[in-house]
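# need coordinates for the below:
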Amino acid sequence: MNLVRILLWLLVPLAARAGGDEVVVLYNTQVPASKMVAEHYAFMRQVPAKQIFSFTLTTNEIITRADFTDFLQKPLADKLEAAGLWKFGQAEIPASENIPAHTENRVVKTKIRYAVLCYGMPLKIAPDLTLDAAAEKITKPEFRRNEAAVDSELAWLPLLKMNVPLAGPLFNLLYTCTNRTLLSPLNGLLMVSRLDGPTPEIANGLVDKALAAESNGLWGRAYFDLRNEPTNNSYYEGDAWLRTGAEICRQLGLDVEMDTNAETFPESYPMSQIAIYAGWYDGDVSGPFRLPKVEFMPGAFAYHLHSFSADTLRSTDSHWCGPLLAKGATCTMGCVYEPYLQFTPNIAFFLQSLANRYTFGEAAWASQLALSWQTTVIGDPLYQPFGKQPAELHAQLARTQNPLIEWSFEKLVNLDLARGMREEQVEQFLENLPVTATSAVLTEKLANIYEALGKPSSAIIAWQNALKLNPSPQQRIRIRRVLEEKLVEQGRTADAIDDYEKLLAEAPNYPGRSQIEEELNNLKENEPTEGKK
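Numbering: from 1, shown residues only. Okay, the predicted model is just below:
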């Protein structure tokens, strides 16, 4: 591997970048911080002033169906028309299977594709019992409902002048769409997302972190937390999405850790430098995400599949979306009411779309089977985490001497291993790469390569060296835990005891402390006499 290889690495055409002129920004006049978030986003993404709209709405997260219709849905359509951003008209729809050719009154011209709801905009629409009669035509009783996420209900706004049923999920004709240009109001879809969270400051920072990742890359590790359901279980589809998502991340060159235990990641799990997290199925935030600090990288996507993961966005410790955003995630998705598994985002297609340089908004809506349903999308919809060519990004990081280049080299190594390169070649590359000597990330990677090659002594030395190179707190814990295991395997009990004691000193609040102390005591009790001090 050399610089020529790097410059040719994954050289593919750059996808068209989305701009602020494709966005309308919505805020609530009743919440002062809502306008602040809207103005900040518009400034950062250069959204034209005429595309910032105000609405006078409830300050609660929940809005009645009547108020949603009268004070948000219909007024938004009117504002878009008045501003010349949309035009409704008769569209000729060709015949398809079981449906004859016909005309529809829908959006036929558009200058925008996205709507951004800012902190203070309602999150969900309350059920309306006066609409029950319309639900009788729905075969499955569990879908005879009209409560919905505000985002999802606004997503079909281009079809407002048609007779769209308000009960049950509305099929998304652009589900799994592989041509991102088709994701448009011209095809019945307005891509809606929100800048939201427990505080306006958190909401305000989502675009800043997205822009940072667009500039310098989304780097780090990917974590997937499966339930490991059998193939004949109705929940298997959720696991299948996660398994496929993990493989997509491997093909992107990320280090991937996948937990297949029925339980979610324990709090003691050293989850470091998170770029991608996807898991299920705890009701409230759990495991490493309950720690005071979570190591989310700038631009990180974090998602936990649960029926009420977005029941509220104002909490930092209940449900999932609010806590994930509070801990530093840049974007997420969640459900405001019971969606049923098949109507939650297809996380595999979502990640594949991001890898194919879709924006966050495009990937989020192309991964949803239903509109007018329960999913809220939180984050900057224009965010393109993989928008830059890898070679271009690597050259930029090298030119600016950005320390994040360690991750670019790691990605290159992972991709070469995935393509069948022998560990011996990777070993030689990392040993001769100057950055390795100063990088905890690359030195840990070299240790793993030594381990794979059956060189335990070299691996131990490399892990010990990585500890001297300022690893992140969770990375340090992971390396210490691995070292303890490998030192014991090599019969180096005294060194293992020393490592255990250093971990206890370095991480006094480590959730797994009691387990560490128990293992340490067992080691001391069984330490060979000649090894004792």
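
# nearest residue to the middle of the protein?
When Cα atoms, centre = their mean is applied to the chain, the residue found nearest the centroid is Phe301 (2.1 Å).

# would you list the phi and psi of that one?
The phi and psi values for Phe301, taken as degrees, to the nearest 10, are phi -100, psi 130.

# how about Asn346?
Backbone geometry at Asn346, expressed as degrees, to the nearest 10, gives phi -80, psi 100.

# now the residue nearest to Leu487 when sequence neighbours are not counted, what's its secondary structure?
For Leu487, ignoring the flanking residues on the chain, the nearest one in space by Cβ to Cβ, 6 or more residues apart in numbering is Ala496 at 3.8 Å. In short, each C-beta sits where N, CA and C put it, glycine included. What DSSP: H, G, I helix; E, B strand; the rest coil gives for Ala496 is helix.

# again, but for Tyr223
Secondary structure, three-state DSSP: Tyr223 is strand.

# ditto for Ala275
strand.

# what residues are up against the residue nearest to it when sequence neighbours are not counted?
For Ala275, ignoring the flanking residues on the chain, the nearest one in space by Cβ to Cβ, 6+ apart is Gly220 at 3.3 Å. Counting by Cβ atoms under 8 Å, 6 or more residues apart in numbering, Gly220 makes contact with Leu254, Gln273, Ile274, Ala275, Ile276, Met297, Ala300, Trp407.

# what about Cys321, distance to Pro298?
For Cys321, the distance to Pro298 equals 19 Å [Cβ to Cβ, to the nearest Å].

# what about these two, which has more around it?
Cys321 (31 against 22; other Cβ atoms under 10 Å).

# let me see the contact set for the more buried one.
Gly197, Ser309, Ala310, Leu313, Thr332, Met333, Gly334, Thr376, Ile378.

# rerun at 6 Å
Ser309, Ala310, Leu313, Thr332, Gly334 (Cβ atoms under 6 Å, 6 or more residues apart in numbering).

# and for Gln30?
Applying Cβ under 6 Å, 6+ apart, the residues near Gln30 are Thr59.

# mind running it again at 10 Å?
Residues counted as contacts of Gln30 (Cβ atoms under 10 Å, 6 or more residues apart in numbering) are Ser54, Phe55, Thr56, Leu57, Thr58, Thr59, Gly120.

# pLDDT at it, what is it?
Gln30 carries a pLDDT value of 98.

# which of the contacts of Cys321 sits closest to Leu469?
Thr332 (31.5 Å; Cβ to Cβ).

# quick check, the closest one in a strand?
Yes: with three-state DSSP as the criterion, Thr332 is assigned to a strand.

# looking at this protein, which helix or strand is least sure?
helix 3-8 (a mean of 34; mean pLDDT, DSSP states H and E).

# could you point out which element follows that helix?
strand 23-28 (DSSP states H and E).

# in what helix or strand does the spatially closest residue to Ala348 that is not a sequence neighbour lie?
Once flanking residues are discounted, Ala348 sits nearest to Thr244: 3.7 Å by Cβ to Cβ, 6+ apart. For Thr244, the host element (DSSP H and E) is helix 236-251.

# now do that helix: which elements does it pack against?
Packing partners of helix 236-251 (3 or more Cβ pairs under 10 Å, 6 or more residues apart in numbering; DSSP states H and E): strand 221-225, strand 255-259, strand 274-279, helix 347-355, helix 405-418.

# hmm, 7 Å instead?
strand 221-225, strand 255-259, strand 274-279, helix 347-355 (3 or more Cβ pairs under 7 Å, 6 or more residues apart in numbering; DSSP states H and E).

# contacts for the longest one, please.
Residues from elsewhere that reach helix 347-355 (Cβ atoms under 7 Å, 6 or more residues apart in numbering): 176, 241-242, 244-245, 248-249, 252, 278, 303, 362-364, 366-367, 385-386.

# OK, contacts around Asn187?
Contacts of Asn187 (Cβ under 7 Å, 6+ apart): Leu173, Leu174.

# strands of the stretch 51-200 of the chain, start to end?
52-55, 62-63, 86-93, 102-110, 114-118, 124-125, 148-149, 170-171, 191-195 (DSSP state E, counting those that start in this stretch).

# tabulate those (JSON lines), appending mean neighbour count.
Formatted as JSON lines, those follow (neighbours: other Cβ atoms under 10 Å):
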{"stretch": "strand 52-55", "mean neighbour count": "18"}
{"stretch": "strand 62-63", "mean neighbour count": "18"}
{"stretch": "strand 86-93", "mean neighbour count": "14"}
{"stretch": "strand 102-110", "mean neighbour count": "15"}
{"stretch": "strand 114-118", "mean neighbour count": "27"}
{"stretch": "strand 124-125", "mean neighbour count": "26"}
{"stretch": "strand 148-149", "mean neighbour count": "30"}
{"stretch": "strand 170-171", "mean neighbour count": "16"}
{"stretch": "strand 191-195", "mean neighbour count": "28"}
